[in-house]
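**Q** please work out how this folds:
(2 chains)
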Amino acid sequence: MPSSKVDRPPNRSLFRRWRQWLRAAHRDVGYLLVGLTFVYALSGLAVNHISDWDPNFNSYERTYQLPLGSDDWEDRALADAALAAAGLEEAPTDVFGVDEEVQVTTDSAELTITRASGEVLVRGRSPRWLLRASNWLHLNRGKRAWTLIADAYAILLLGLAVSGMFMLPGRRGLRGRGAILVAVGVSIPVLYVVLSGGP
Amino acid sequence: MDLYQRGEREHRAHIRRRRLLAAAAGTALVALGARRWIDDEATALAKRERRADGRPRLPPGQRVLSRFRPMGGVAGDPRPGQLRLRVHGEVDTPTTMTMRDLLALDQHDAEVDVHCVTGWSVLGAKVRGVSIETICRTVGVLDRAKHLIFEGAAGYTANVPLASLRGRNNLLAYRLDGAPLALENGAPLRAVVPDLYFWKSAKWVTGLRFVEKDAPGYWETRGYHNRADPWEEQRYALF
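**A** Below you'll find the model as predicted:
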């Protein structure tokens, strides 16, 4: 009795191999894009809600009190005293005195000293390193070379979407639940545009 | 355990998973949606108020927040002592102003409502600065100038018709709510144009360019509306 392998029509074998290649490509491209997907997804979540929080920095605001009599001090002396009170070991990059206030700028904070009261308002920030780097990449504010990487990512993502549709044959693929899920997925943006009135 | 019992057990586990998923999805929907659909007290109150010009105090699609949100952008140099504001274009006297030059001009305190295109508004923000009208008088803006381009850090621009900048509440602000501007709010100097969406109020302003022909700015060339009237909900450009 001849084996089924011998009986199988050559075109079916070719088709089966094609699907295997597709799955392998889908799998490997998927692995390749894990890092970039995390960058774009995390940054997308972070920036989508930018009106609720600062996705790049942790900001803080604190007040300190300088000793009595400091209202007579020179601007630079006030700046040094304010930095010491705030525990900032940075040299000021700018000391700007106006009538009632002295504004001190450092690399990580801005200090406002009220001469009359000796109160020091410190407003500073520390970067959220991972998100800041992700946002910087996502918003393409880096060098031009990143555009090439972002374009390649977008094209490969399209490849993943298309190859994903053809990975499984039959009812679990595009002839069954696959078609339903693709239709649901496509209808989400379409319905949103239609129901919201569009741009 | 026979096959029937095993099947029954798997079936129960499946139902538990379904319930868990449904509960999680429901909770997420409520958490995300409730804030959007139910007005907080400040928003509900603002919706009932009217401005002197008859328009509602809160433009459509906005909710009230208590303070400005940092909306990103490439920050400029926050040092007031290093500010160099270039005023140029269609003016009699092109000039570069320092912060002290600005402080020597007529100062204006205003309470303004601002409206961000992302949907938040801050009502009654106390700002101090120099009105655009004062700057115009100081440099002698020519009659042919029809638009002002705010120039910000890292090449940011925002275009505003001069006709929209009448009134002293349109200003270059250096103080907000009793303190110097914070870095994330555009220190040391930002534009405040309360009656247009807030992206027109450029942060970290370094230049004012008066022009005859309109020149869409950073966001206007990226799909946002050229005019940006919050009461008309002019958020995005039409196709």
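**Q** right, and the helix or strand after the helix or strand where B:Ala13 lies?
**A** Assigned by DSSP states H and E, B:Ala13 belongs to helix B:3-37. Once the chain leaves helix B:3-37, the next helix or strand it forms, by DSSP H and E, is helix B:41-48.
**Q** what stretches of the chain score poorly on pLDDT?
**A** Using chain A here. By pLDDT under 70, the weakly predicted segments of chain A are A:1-16, A:141-143, A:199.
**Q** I was after chain B.
**A** Where chain B drops to pLDDT under 70, the residues are B:1-4, B:7, B:11, B:14-15, B:17-18, B:21, B:24-39, B:238-239.
**Q** center of chain B - which residue?
**A** B:Phe198 (2.3 Å; C-alpha atoms, centre = their mean).
**Q** what sits against that one?
**A** Residues near B:Phe198 by C-beta atoms under 8 Å, 6 or more residues apart in numbering or on different chains: B:Met71, B:Val114, B:His115, B:Cys116, B:Val117. Where you see a C-beta, it was placed from the backbone N, CA and C, and this is true even at glycine.
**Q** wait, the third one touches B:Gly61, no?
**A** This points to B:His115. No. Look at B:His115 against B:Gly61 with C-beta atoms under 8 Å: they stay out of range, at 9.3 Å.
**Q** okay, those two: which has more neighbours?
**A** Neighbour totals were compared for B:His115 and B:Gly61, and B:His115 leads with 23 against 12 (other C-beta atoms under 10 Å in any protein chain shown).
**Q** tell me the bridge partners for the more buried one.
**A** Beta bridges link B:His115 to B:Ser121, judged by DSSP bridges.
**Q** ok, now how distant is it from chain A?
**A** Note on B:His115: its distance to chain A, by C-beta to the nearest C-beta, to the nearest Å, is 12 Å.
**Q** tell me how far that residue lies from A:Leu158.
**A** 37 Å (C-beta to C-beta, to the nearest Å).
**Q** for the helix or strand where B:Ala110 lies, packing partners?
**A** B:Ala110 is located in strand B:108-115, with elements delineated by DSSP H and E. Judged by 3 or more C-beta pairs under 8 Å, 6 or more residues apart in numbering or on different chains; DSSP states H and E, the packing partners of strand B:108-115 are strand B:120-131, strand B:190-192.
**Q** now the ones you listed as TSV including mean neighbour count?
**A** What follows is those, written out as TSV (neighbours: other C-beta atoms under 10 Å in any protein chain shown):
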stretch	mean neighbour count
strand B:120-131	20
strand B:190-192	24
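**Q** for the closest residue in space to A:Asp71 that isn't next to it in sequence, grab the count of nearby residues.
**A** Counting by C-beta to C-beta, 6 or more residues apart in numbering or on different chains, A:Arg115 is the residue found nearest to A:Asp71 once chain neighbours are left out, at 4.8 Å. Neighbour count for A:Arg115, taken as other C-beta under 10 Å: 19.
**Q** got it, and A:Arg177?
**A** Look at A:Arg177: counted by other C-beta under 10 Å, it has 12 neighbours.
**Q** what does chain B have sitting close to chain A?
**A** By C-beta under 8 Å from any C-beta of the partner chain, the part of chain B that sits against chain A consists of B:65, B:69-72, B:74, B:78-82, B:99, B:103, B:116, B:118-120, B:179-180, B:182-184, B:187, B:223, B:236-239.
**Q** can you flag the buried ones in these?
**A** For the residues of chain B next to chain A, a burial check counting by 16 or more other C-beta atoms under 10 Å in any protein chain shown picks out B:65, B:69-71, B:78-81, B:99, B:116, B:118, B:120, B:179-180, B:182-184, B:187, B:237.
**Q** dihedrals phi and psi, the residue of chain A found nearest chain B?
**A** At 3.5 Å from chain B, A:Asp94 is the closest residue in chain A, using C-beta to the nearest C-beta. For A:Asp94, the backbone dihedrals (degrees, to the nearest 10) come out as phi -160, psi 130.
**Q** got a list of what the residue of chain B found nearest chain A touches?
**A** Closest contact between chain B and chain A, by C-beta to the nearest C-beta, is at B:Arg79 (3.5 Å). With contact set as C-beta under 8 Å, 6+ apart, B:Arg79 has these partners: A:Thr93, A:Asp94, A:Phe96, A:Thr105, B:Pro188.
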